[in-house]
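Enquirer: Structure, please.
(one chain, ligands or ions: 1)
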Amino acid sequence: MADKPWAGRFTQPTDQFVEEFTASIGFDRRLYRYDIQGSIAHARMLAKQRIITEEEARQIIAGLENILGDIEAGKVEFKVSLEDIHMNIEARLIERIGPVGGKLHTARSRNDQVALDIRLYLRDEVKTILAYLDSLEGALLAQADQNLAVIMPGFTHLQTAQPVLFAHHMLAYREMFARDAERLRDALKRINLLPLGAGALAGTTFPIDREYVAEQLGFDGVTRNSLDSVSDRDFAIEFCAAASLIMVHLSRLSEELVLWSSADFAFVELSDSFCTGSSIMPQKKNPDVPELVRGKTGRVYGSLISLLTLMKALPLAYNKDMQEDKEPLFDTIDTVKGSLKVFADMIAQMKVRAENMRVAAARGFSTATDIADYVVRKGIPFRQAHEIVGKTVRYCIENDKDIPELTLEEFRQFSDVIDADIYDYVTLEASVNARRATGGTAREAVEREIARVREAREKEGSE
Ligand code: ARG
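Expert: Here you go, the predicted structure:
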């Protein structure tokens with residue numbers, strides 16, 4: 001009990017089990033670097049404001065730097081009796097430099113300290129996640145670029161709908177991940193504000209300089225209300241919401257890769273390094289990585305719901321409940337980082353089986369809409385055109401024929417506006433390349449998009 005910094009008003013020691021039950025050191029230890037970084041900035045400010053002396057600040061900072069080195073070298077054993085990372089580091093500082101170490105916590109509370117640590121930590125992790133998103137976007141872009149001639153079936157209801165470029169399909173995911181990155185960059189604006197200086201909840205009586213601390217730590221500014229500063233976790237919830245959307249996108253792509261790598265589709269081949277075999281069926285190569293990412297999506301949604309529920313109806317300001325914010329946040333970060341990292345490599349190494357895609361694209365009367373559009377251009381209302389082509393398709397099914405195999409006479413049974421030039425419209429290439437407007441699947445439209453994205457990425461990279 002003697003080692004607890006807050007033991008002053010207590011007469012009974014903490015129950016052993018309660019001590020373990022209430023401790024967060026088991027998981028918040030991962031914040032150590034940020035805790036020390038924040039404390040160093042705080043000590044500098046205390047000295048600048050003459051709240052402590054320069055010499056005291058020098059001793060405190062040297063002590064903290066030493067502790068950082070020790071933790072990194074694995075030489076520090078954290079104590080459950082010291083509850084969390086903040087008190088573990090402070091106790092060690094006092095142990096090392098003596099009572100002057102006890103001056104570090106002047107004008108500060110663990111409540112604003114923990115809010116600071118989470119923000120510093122999350123800011124770093126968001127930057128890493130942005131870099132991983134960028135790699136994945138790069139891999140999708142490269143697949144698009146390398147397979148510009150590849151045509152695949154586009155689906156609705158998982159039924160063959162219209163032919164599309166495989167590159168167009170890859171770029172669809174690139175769009176999703178680009179929006180995810182935009183969301184994270186936007187969340188960063190709210191993450192990157194300094195909460196320190198809020199004290200326990202009401203501010204502090206010491207003449208602190210929050211702007212100075214913010215500047216040292218690379219924050220864009222300071223939070224504006226002490227009660228809000230210690231009790232706001234919406235920046236973390238917002239991050240988890242953005243992370244959930246990343247997982248939505250990864251799980252959709254996962255699902256497609258699982259389907260596409262099956263023997264029945266055989267559209268792609270995943271590299272052996274992303275698959276495993278079966279212990280009983282020698283022929284099998286299972287798409288473990290996309291399956292697992294699809295599965296991990298659930299835990300990220302779970303964390304989002306945990307955090308929302310945790311914060312619901314909490315009175316201002318800090319409540320111990322909020323210690324429960326860390327594990328869902330940490331797990332979300334680990335899961336999203338792992339999933340993005342493995343996906344970028346897997347997409348980069350994925351082999352495209354162009355011939356199988358082409359054969360599948362030609363099945364299922366995928367150019368039927370093109371005939372309807374052709375008939376419409378000859379002056380027939382679309383509804384009537386739809387009927388004409390519907391009958392043509394039924395004729396094909398009944399006679400076991402494909403659309404491009406029909407003779408002109410066969411076509412003309414259904415409409416006499418059809419001429420010999422119909423054959424120019426029913427090939428896969430013609431169907432794809434007719435969709436030229438921005439956002440369409442025509443090769444020229446897709447090439448324009450690749451160029452636009454490339455240019456934007458190069459500009460971003462050079463900024
Ligand atoms: N371990 C605590 C947490 O993670 C730190 C803040 C504790 N503050 C307090 N007043 N008990 O939330």
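Enquirer: what residues does the chain put near the ligand?
Expert: Contact residues (CB under 6 Å from any ligand atom) of the chain with the ligand: S24, D28, D84, R110, N111, V114, Y318, K320, M322, Q323. For glycine as for every other residue, the C-beta is placed from the backbone atoms N, C-alpha and C.
Enquirer: As a markdown table, the residues you listed with pLDDT would be great.
Expert: Formatted as a markdown table, the residues of the chain next to the ligand follow (pLDDT from 0 to 100):
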| residue | pLDDT |
| --- | --- |
| S24 | 98 |
| D28 | 98 |
| D84 | 98 |
| R110 | 98 |
| N111 | 98 |
| V114 | 98 |
| Y318 | 97 |
| K320 | 98 |
| M322 | 98 |
| Q323 | 98 |
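Enquirer: Let's verify F155: helix, strand, or coil?
Expert: Under DSSP: H, G, I helix; E, B strand; the rest coil, F155 falls in the strand class.
Enquirer: State the distance from P99 to the ligand.
Expert: Counting by CB to the nearest ligand atom, to the nearest Å, the gap from P99 to the ligand is 23 Å.
Enquirer: whoops, I mixed them up, P13
Expert: Applying CB to the nearest ligand atom, the value for P13 to the ligand is 17 Å.
Enquirer: which SS state does that residue fall under?
Expert: With three-state DSSP as the basis, P13 sits in coil.
Enquirer: Pull out the buried residues from the residues of the chain next to the ligand.
Expert: Among those, those buried by neighbour count (16 or more other CB atoms under 10 Å) are S24, D28, D84, R110, N111, V114, Y318, M322, Q323.
Enquirer: mind listing what the third one touches?
Expert: Applying CB atoms under 8 Å, 6 or more residues apart in numbering, one finds that D84 lies in contact with A23, S24, I25, D28, R110, V114, Q323.
Enquirer: Neighbours of the third one, how many?
Expert: When you say that, I think you mean I25. By other CB atoms under 10 Å, 18 other residues sit near I25.
Enquirer: ok now do the residue nearest to it when sequence neighbours are not counted, which residues does it touch?
Expert: When the adjacent residues along the chain are set aside, I25 lies closest to F78, with 4.9 Å between them (CB to CB, 6 or more residues apart in numbering). By CB under 8 Å, 6+ apart, the contact set of F78 is I25, R29, I85, N88.
Enquirer: what do you get for R33?
Expert: Applying CB under 8 Å, 6+ apart, one finds that R33 lies in contact with L68.
Enquirer: helix or strand right after whichever strand or helix holds it?
Expert: Assigned by DSSP states H and E, R33 belongs to helix 32-48. As assigned by DSSP H and E, the chain's next helix or strand after helix 32-48 is helix 54-72.
Enquirer: Low-confidence bits of this protein, can you list those?
Expert: 1-2, 463 (pLDDT under 70).
Enquirer: Check whether the residue in it sticking out farthest from the centre sits in a helix, strand or coil.
Expert: The C-alpha centroid of the chain is most remote from E409, which lies 55.4 Å away (CA atoms, centre = their mean). Reduced to three states with three-state DSSP, the structure at E409 is helix.
Enquirer: In the stretch 151-300 of the chain, what residue spans correspond to helices?
Expert: Listed in chain order, the helices of the stretch 151-300 of the chain (DSSP state H, counting those that start in this stretch) span residues 166-191, 210-216, 226-231, 234-260, 288-311.
Enquirer: can you list those in CSV and add distance to D345?
Expert: Shown next, in CSV, are the helices of the stretch 151-300 of the chain (distance: least, CB to CB, whole Å):
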stretch, distance to D345
helix 166-191, 15
helix 210-216, 37
helix 226-231, 40
helix 234-260, 13
helix 288-311, 9
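Enquirer: tell me what the stretch of helix or strand E137 belongs to is packed against?
Expert: In this assignment (DSSP H and E), E137 forms part of helix 110-146. Contact here means 3 or more CB pairs under 8 Å, 6 or more residues apart in numbering; DSSP states H and E; on that basis helix 110-146 packs against helix 32-48, helix 85-97, helix 166-191, strand 193-194, helix 226-231, helix 234-260, helix 326-349, helix 443-462.
Enquirer: wait, what's in contact with the residue in the stretch 151-300 of the chain positioned nearest to the ligand?
Expert: The ligand sits closest to A200 of the stretch 151-300 of the chain, with a gap of 7.0 Å, by CB to the nearest ligand atom. Taking CB under 8 Å, 6+ apart, we find A200 in contact with S109, N111, D112, V230, A317, Y318.
Enquirer: Roughly how far does the residue farthest from the centre of the chain sit from the ligand?
Expert: Counting by CB to the nearest ligand atom, the gap from E409 to the ligand is 79 Å.
Enquirer: Would you quantify the distance from that residue to S135?
Expert: Distance of E409 to S135, computed by CB to CB, to the nearest Å: 55 Å.
Enquirer: coming back round to it: now the angle from the helix holding E137 to helix 234-260?
Expert: 30 degrees (axes from the mean of the first three to the mean of the last three CA atoms, to 10 degrees).
Enquirer: now the angle from helix 110-146 to helix 443-462?
Expert: Counting by the same axes, to 10 degrees, helix 110-146 lies at 140 degrees to helix 443-462.
Enquirer: now whichever residue of the stretch 251-400 of the chain sits closest to the ligand, what's its secondary structure?
Expert: Here the stretch 251-400 of the chain gets closest to the ligand at one residue, Q323, 3.7 Å apart by CB to the nearest ligand atom. At Q323 the chain is in helix, as set by three-state DSSP.
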